[in-house]
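Student: sequence first, then the predicted structure, then my questions.
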Amino acid sequence: MLSFWERDELLEYDFIVVGGGIVGLSTSIELKEQNPSASVLLLEAGMFPTGASTKNAGFACFGSLTEILSDLEKLSPSEVQDLVALRSEGLQRLRNRLGDETIDYLNFGGYELLSESQLGALDRIDEVNELLKPVLNHKVYQIDPDIRRFGFDEARVKAMVFNPFEGQIHSGKMMKSLQQKTSQLGVNIITGVKVEGFEETSGQVNVHLEYTKFSCAKLAICTNAFTKDLVPDLELNPGRGVVLVTKPIDGLRIKGTYHYEEGYYYFRNYQDRVIFGGGRNLDIAGEASTDFQIRDLIKDKLVSDLETLILPNQAFDVDHIWAGIMAFGPNKQPILKQVSNNVFAGVRLGGMGVAIGSKLGYDLASKMLA
């Protein structure tokens with residue numbers, strides 16, 4: 001039962017944001033920075049963001065050569081340019097907002113490991129570099145001739161491509177800093193509450209929880225993979241990502257971020273540990289789930305590749321393994337949409353939330369305030 005004081009002061013807002021991940025926090029920050037007098041409420045179902053914002057591997061998510069080539073099969077060249085610009089601008093906005101030291105941003109660059117069957121991608125490096133030059137004013141991809149220095153399995157790694165734009169962050173520190181920034185601006189954050197639905201009437205949106213409801217002038221939905229619970233007709237599917245971290249390894253040779261098989265597998269160093277994730281491509285349909293279960297099919301593949309490809313002839317122990325839930329569509333373009341008169345959505349980040357989340361939050365807030 002609510003008190004008079006709660007009903008009088010705590011239930012009505014100018015803006016409500018549902019989802020406390022990167023996009024939800026960024027949207028809340030932008031709403032307050034662009035309209036300081038506005039009252040803003042952020043609602044998050046979990047104790048921490050439930051999907052992928054604190055459950056990723058801590059990549060800046062710029063994208064590898066074969067990922068860009070895959071994007072070109074689904075999007076026009078100009079759309080791919082726009083997508084890369086979105087990643088670049090979003091990452092820079094995040095870094096400017098929080099500071100590199102705060103989020104442990106390190107720019108050691110990124111490497112893509114190519115197998116024998118993927119060597120044809122090297123023939124298109126100049127084409128891709130030319131495509132991205134207007135966006136980044138830089139030669140993005142280049143062949144790295146020293147494929148032996150990291151100790152990878154030479155029978156499987158036939159070439160490496162270097163990308164100077166890829167970096168790594170500490171996802172926990174990033175999210176903690178975003179939450180602190182959001183609170184400092186006066187956004188009311190409530191965690192551990194699940195939104196069950198909403199209704200729009202007479203220029204007002206009512207947001208329903210189990211025991212009460214909030215109301216606002218405009219609502220932002222930033223729930224990524226879980227969005228179909230609230231907006232069933234949006235074109236997106238969940239995709240589970242499994243990540244593990246090793247215990248510290250003496251003499252670890254890798255430093256930076258690494259991808260292979262069109263980005264379906266990704267690993268990096270964190271100090272003297274390896275953080276390694278992926279394997280969703282082993283069963284795309286089976287991993288299209290919002291269940292945080294870790295299947296032996298994926299776990300066994302990750303451990304096997306650590307043993308045979310990444311750390312051959314080197315002892316290691318797995319310290320921890322977890323799962324996060326991302327959202328995907330027919331291509332890597334996110335959804336930024338006005339769902340109805342006063343309801344908006346910024347979702348489907350395609351596994352690139354660290355890179356594009358801050359820019360998507362800016363665009364979503366600007367759309368709501370227009």
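Tutor: Perfect, thanks for sending it. Numbering: from 1, shown residues only.
Student: residues touching residue 368, list them.
Tutor: 15, 27, 31, 218, 220, 344 (CB atoms under 8 Å, 6 or more residues apart in numbering). C-beta coordinates here come from the backbone N, C-alpha and C atoms, glycine included.
Student: could you measure from the fifth one over to residue 346?
Tutor: Computed with CB to CB, to the nearest Å, the distance linking residue 220 and residue 346 is 7 Å.
Student: mutual contacts of the two, please.
Tutor: Counting by CB under 8 Å, 6+ apart, the shared contacts of residue 220 and residue 346 are 27, 364.
Student: higher neighbour count, the two?
Tutor: Of the pair residue 220 and residue 346, residue 346 is the one with more neighbours under other CB atoms under 10 Å, namely 32 against 28.
Student: quick one: what helix or strand has the more buried one in it?
Tutor: Assigned by DSSP states H and E, residue 346 belongs to strand 343-347.
Student: so what touches that strand?
Tutor: Contacts for strand 343-347 (CB under 8 Å, 6+ apart): 23, 27, 198, 200, 205, 218-224, 227, 231, 234, 236, 327, 334-339, 360-361, 363-364, 367-368.
Student: report the secondary structure state of residue 179.
Tutor: helix (DSSP: H, G, I helix; E, B strand; the rest coil).
Student: thinking it is in contact with residue 25, fair?
Tutor: Yes - assessed by CB atoms under 8 Å, residue 179 is found in contact with residue 25 at 6.4 Å.
Student: neighbour count for those two, which is higher?
Tutor: Between residue 179 and residue 25, residue 25 has the larger neighbour count (other CB under 10 Å), namely 31 against 20.
Student: what about the helices in this structure?
Tutor: Shown for the chain, the helices assigned by DSSP state H span residues 4-9, 22-34, 65-72, 77-98, 125-136, 171-184, 296-305, 353-369.
Student: about what we covered before: adding distance to residue 321 and pLDDT, write the contacts of residue 368 out as JSON lines.
Tutor: Shown next, in JSON lines, are the contacts of residue 368 (distance: CB to CB, whole Å; pLDDT from 0 to 100):
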{"residue": "15", "distance to residue 321": "37", "pLDDT": "98"}
{"residue": "27", "distance to residue 321": "31", "pLDDT": "98"}
{"residue": "31", "distance to residue 321": "36", "pLDDT": "98"}
{"residue": "218", "distance to residue 321": "40", "pLDDT": "98"}
{"residue": "220", "distance to residue 321": "33", "pLDDT": "98"}
{"residue": "344", "distance to residue 321": "36", "pLDDT": "98"}
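Student: of these - the most surrounded one?
Tutor: When neighbours are taken as other CB under 10 Å, the top entry among the contacts of residue 368 is residue 27 (33 neighbours).
Student: once you drop chain neighbours, what's closest to that one?
Tutor: Sequence neighbours aside, residue 361 is the residue nearest to residue 27 in space, at 4.1 Å (criterion: CB to CB, 6 or more residues apart in numbering).
Student: so the one you found sits against residue 31, correct?
Tutor: No - using CB under 8 Å, residue 361 is not in contact with residue 31; the gap is 9.0 Å.
Student: the closest residue to residue 229 other than its chain neighbours: what's it in contact with?
Tutor: Excluding its sequence neighbours, the residue lying closest to residue 229 (CB to CB, 6+ apart) is residue 223, at 7.4 Å. Listed by CB under 8 Å, 6+ apart, the contact partners of residue 223 are 18-19, 24, 51, 229-230, 347.
Student: how about residue 223, phi and psi?
Tutor: Main-chain dihedrals, residue 223, degrees, to the nearest 10: phi -100, psi 10.
Student: quick one, strands of the stretch 151-300 of the chain?
Tutor: Remark: strands assigned in the stretch 151-300 of the chain by DSSP state E, counting those that start in this stretch are 159-163, 188-191, 197-201, 204-208, 213-221, 237-246, 257-260, 265-270, 273-278.
Student: hmm, who's touching stretch 328-339?
Tutor: With CB under 8 Å, 6+ apart, stretch 328-339 has contacts from 71, 74-75, 79, 83, 86, 221, 231, 234-239, 344-352, 356, 360, 363-364, 367.
Student: show me what counts as buried in stretch 40-52.
Tutor: 40-45, 48-52 (16 or more other CB atoms under 10 Å).
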